[in-house]
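Engineer: 3D model of this:
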Amino acid sequence: MEFYGKGNLWSLVEEERRNMHFTRSLPFSNDQNVTEPRESPFVSPKASSVSAASILLSPVSPETPWKLSPMHASATPSLLYHCLASLHRYEGNVFSIATSRDFIFTGSESSRIHTWRRPDCAEVGHIKASSPDVRAILAHGRILFTTHGDCKVRVWDVSVTEKFRPKKITTLPQSNSFFLFPKKSSNQHKDYISCLAYNHGEKLLYTGSWDKSVKVWNISEKRCVDSFMAHEGHVNAIVINQQDGCVFTCSSDGAVKIWRRVYGESSHILAMTLKFQLSPVNALALSSSPSSCFLYSGSSDGLINIWEKEKTSGRFSHCGYLQGHHFAVLCLATIHELILSGSEDATIRVWRREEGNCFHSCLAVMDGHHGPVRCLAASLETEGLLVYSASLDRSFKVWRVKLLTPEKPEMEELVVANDQQTEIEEFEMSPVLSPSWVKKKIQANHF
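Structural biologist: Numbers count the residues shown, from 1 in each chain. Predicted coordinates:
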């Protein structure tokens, strides 16, 4: 990640505009009622009439979905961000985002998994499945895992070729081909699969569902090797510590649980329950390094609770919470010491953890969505951090985030002089929610 000093802020803005070279980007289909009875792994994209590169030099055309926002400085002089691209979906809400080395994948209410090339955000095509409601996506290497409304997982080969030609490897659980009307497998989830996690070393896929259970799949053998009731409510998120194989789950029952795999077996046992609040827990993120391990959980009360792994006992102890969001925290993502949180209040907050302790500071409040931020993904690029976000306002956005390193004397003077002003700005950064969403919130009495 590159860091920039305070003296070149305006040159940085101009450099961003000069360096933006998007290839032709593609709008989604306007057809909202498309029936797709058959499964076809690839559909060629159609050319867009307006390239995104032309948007930088001329007013936004109604024919193109892409928009470029001006550069924004955060309340503290340590971060710059702006929206590189914004796309409105006509196929429904975006439920999931995943990134690989070369691609960005988005899943929505439709049965199409749209694929975008990194880092220029040009759409290269989409994967077409037979079942809609792609609630969760996970990418690892050349493999892509997607969950669908039929309560099954599809595994795709998305190897980089001259032309994007994904191939379906298998469906989990596999259907019995001996019957004309196959029975529902006993290993199949009974409700939506809401989250995925993958153990890289053991090649085990974990699926969490609204049926309150977690299932473990051996990808090499294409079968379910373990299944257990994990919570008393919907399982909303799963993360895995790749260093020791610990599995973390959270639920609408307000609990965060830690599971360990029995040595030499496929079964799992409950190692610890972290229940600090009664509010439903919607998201988890893990920030792990050889010297430290932090677990973050986002809940419906707007808080992000923090647990740190003790070096001596290996247990996770609660060391505080992050407060700033006005409504529920729906998604989390971590990149090294940075934590990103998306909320029902339509904002994305960027937090930074200080090295060697649990102290966190909010670097920026990124607003631009007009509905709850449903999912987040982030990746490191040569020019900084790229953040991908999707909202229930049916928009998908790409943000450029750059950290700054101002000189210490100037920074201290600015903090002292603008201490009260910073607090006021933080309070005034209230989101602009769409009227339809506010109406739904009032009717549902969720305030």
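Engineer: going forward, measure contacts between C-alpha atoms and count neighbours the same way
Structural biologist: OK.
Engineer: So which bits of stretch 93-106 are buried?
Structural biologist: Going by neighbour count (16 or more other C-alpha atoms under 10 Å), the buried part of stretch 93-106 is Asn93, Val94, Phe95, Ser96, Ile97, Ala98, Thr99, Ser100, Phe103, Ile104, Phe105, Thr106.
Engineer: mind exporting it as CSV, just the C-alpha atoms?
Structural biologist: Provided in CSV are the C-alpha atoms of stretch 93-106 (Å, rounded to 0.1, in the frame of the first residue of the first chain):
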residue,chain,number,x,y,z
ASN,A,93,-30.7,-6.4,-4.8
VAL,A,94,-27.0,-7.4,-4.6
PHE,A,95,-26.6,-10.0,-1.8
SER,A,96,-23.0,-11.0,-2.1
ILE,A,97,-19.6,-9.8,-3.3
ALA,A,98,-16.3,-11.9,-3.7
THR,A,99,-12.9,-11.0,-5.1
SER,A,100,-10.2,-13.2,-6.5
ARG,A,101,-6.8,-12.3,-7.9
ASP,A,102,-8.3,-11.3,-11.3
PHE,A,103,-12.1,-10.9,-10.9
ILE,A,104,-14.9,-9.4,-8.8
PHE,A,105,-18.1,-11.5,-8.5
THR,A,106,-21.5,-10.2,-7.5
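Engineer: now the helices for this protein?
Structural biologist: Assigned by DSSP state H, the helices in the chain fall at 9-19, 408-417, 419-428, 435-444.
Engineer: excluding its backbone neighbours, what's nearest Ser395?
Structural biologist: Nearest residue to Ser395, sequence neighbours excluded (C-alpha to C-alpha, 6 or more residues apart in numbering): His88, at 4.3 Å.
Engineer: related to what we said a few turns ago, out of the buried residues of stretch 93-106, show me where the pLDDT dips lowest.
Structural biologist: Summarising pLDDT for these: the lowest-scoring member is Asn93, with 88.
Engineer: and the most centrally placed residue in the chain, what pLDDT?
Structural biologist: For the chain, the residue sitting closest to the mean C-alpha position, by C-alpha atoms, centre = their mean, is Leu376 at 2.7 Å. The per-residue pLDDT reported for Leu376 equals 97.
Engineer: From Ser175, how far off is it?
Structural biologist: Separation of Leu376 from Ser175 (C-alpha to C-alpha, to the nearest Å) stands at 32 Å.
Engineer: Equivalent analysis for Arg165, please.
Structural biologist: Arg165 is 24 Å from Ser175, by C-alpha to C-alpha.
Engineer: what about those two, which has more around it?
Structural biologist: Arg165 (18 against 14; other C-alpha atoms under 10 Å).
Engineer: Lys402 contacts Gly384, correct?
Structural biologist: Yes: counting by C-alpha atoms under 8 Å, Lys402 touches Gly384, with 5.2 Å between them.
Engineer: In the stretch 51-200 of the chain, where is pLDDT below threshold?
Structural biologist: Confidence mapping of the stretch 51-200 of the chain against pLDDT under 70 gives the ranges 51-77, 176-184.
Engineer: From the chain's centroid, how far away is stretch 233-242?
Structural biologist: 13 Å (C-alpha atoms, centre = their mean, to the nearest Å).
Engineer: pLDDT (mean, whole number) over that stretch?
Structural biologist: 96.
Engineer: And that stretch, what's buried?
Structural biologist: The neighbour-count check on stretch 233-242 (16+ other C-alpha under 10 Å) flags Gly233, His234, Val235, Asn236, Ala237, Ile238, Val239, Ile240, Asn241 as buried.
Engineer: Check Val43 and give its pLDDT.
Structural biologist: Per-residue pLDDT puts Val43 at 42.
Engineer: Same check on Thr312?
Structural biologist: So, for Thr312, pLDDT stands at 88.
Engineer: just checking, Ser288 touches Asp244?
Structural biologist: No: at 10.8 Å, Ser288 does not count as touching Asp244 under the criterion of C-alpha under 8 Å.
Engineer: quick one: which of those two has more around it?
Structural biologist: Ser288 (19 against 10).
Engineer: Could you check how far that one is from Lys257?
Structural biologist: 17 Å.
Engineer: Kindly report the same for Arg117.
Structural biologist: With C-alpha to C-alpha as the criterion, Arg117 and Lys257 are 36 Å apart.
Engineer: Check which residues of stretch 379-399 are buried.
Structural biologist: Neighbour-count burial for stretch 379-399 [16+ other C-alpha under 10 Å]: 379, 384-399.
Engineer: so Ala98 makes contact with Ile104?
Structural biologist: Yes: using C-alpha under 8 Å, Ala98 is in contact with Ile104, at 5.9 Å.
Engineer: what's the burial count for the nearest residue to Phe164 once chain neighbours are set aside?
Structural biologist: Nearest residue to Phe164, sequence neighbours excluded (C-alpha to C-alpha, 6+ apart): Val124, at 6.6 Å. Applying other C-alpha under 10 Å, we find 20 residues neighbouring Val124.
Engineer: can you check Leu87 too?
Structural biologist: 19.
Engineer: Is it correct that it is in contact with Phe396?
Structural biologist: Yes: when contacts are counted by C-alpha under 8 Å, Leu87 is listed as touching Phe396 (5.1 Å).
Engineer: List the contacts of the residue nearest to Val94 when sequence neighbours are not counted.
Structural biologist: The shortest distance from Val94 to any non-neighbouring residue, by C-alpha to C-alpha, 6+ apart, is to Ser108 (4.2 Å). Residues in contact with Ser108 (C-alpha atoms under 8 Å, 6 or more residues apart in numbering) are Glu91, Gly92, Asn93, Val94, Phe95, Ser96, Pro132, Asp133, Val134, Arg135.
Engineer: Tell me if I'm right that the fifth one and Arg374 touch.
Structural biologist: Yep, that's Phe95 we're talking about. Yes: contact between Phe95 and Arg374 holds when scored by C-alpha under 8 Å: they sit 6.5 Å apart.
Engineer: what touches both of those two?
Structural biologist: Listed as contacting both Phe95 and Arg374 by C-alpha under 8 Å, 6+ apart are Ala390.
Engineer: What separation do you get for the closest residue to Ser379 other than its chain neighbours and Glu310?
Structural biologist: In space, and not counting its chain neighbours, Ser379 is closest to Leu386: 5.4 Å by C-alpha to C-alpha, 6+ apart. According to C-alpha to C-alpha, Leu386 stands 32 Å off from Glu310.
Engineer: The stretch 51-200 of the chain: strands as residue ranges?
Structural biologist: Secondary structure of the stretch 51-200 of the chain (DSSP state E, counting those that start in this stretch): strands at 72-73, 79-88, 94-99, 103-108, 112-117, 122-128, 137-140, 143-147, 153-157, 167-172, 193-199.
Engineer: can you list those in a markdown table and add distance to Cys224?
Structural biologist: Compiled in a markdown table, those are given as follows (distance: least, C-alpha to C-alpha, whole Å):
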| stretch | distance to Cys224 |
| --- | --- |
| strand 72-73 | 48 |
| strand 79-88 | 38 |
| strand 94-99 | 23 |
| strand 103-108 | 24 |
| strand 112-117 | 24 |
| strand 122-128 | 25 |
| strand 137-140 | 18 |
| strand 143-147 | 15 |
| strand 153-157 | 12 |
| strand 167-172 | 8 |
| strand 193-199 | 14 |
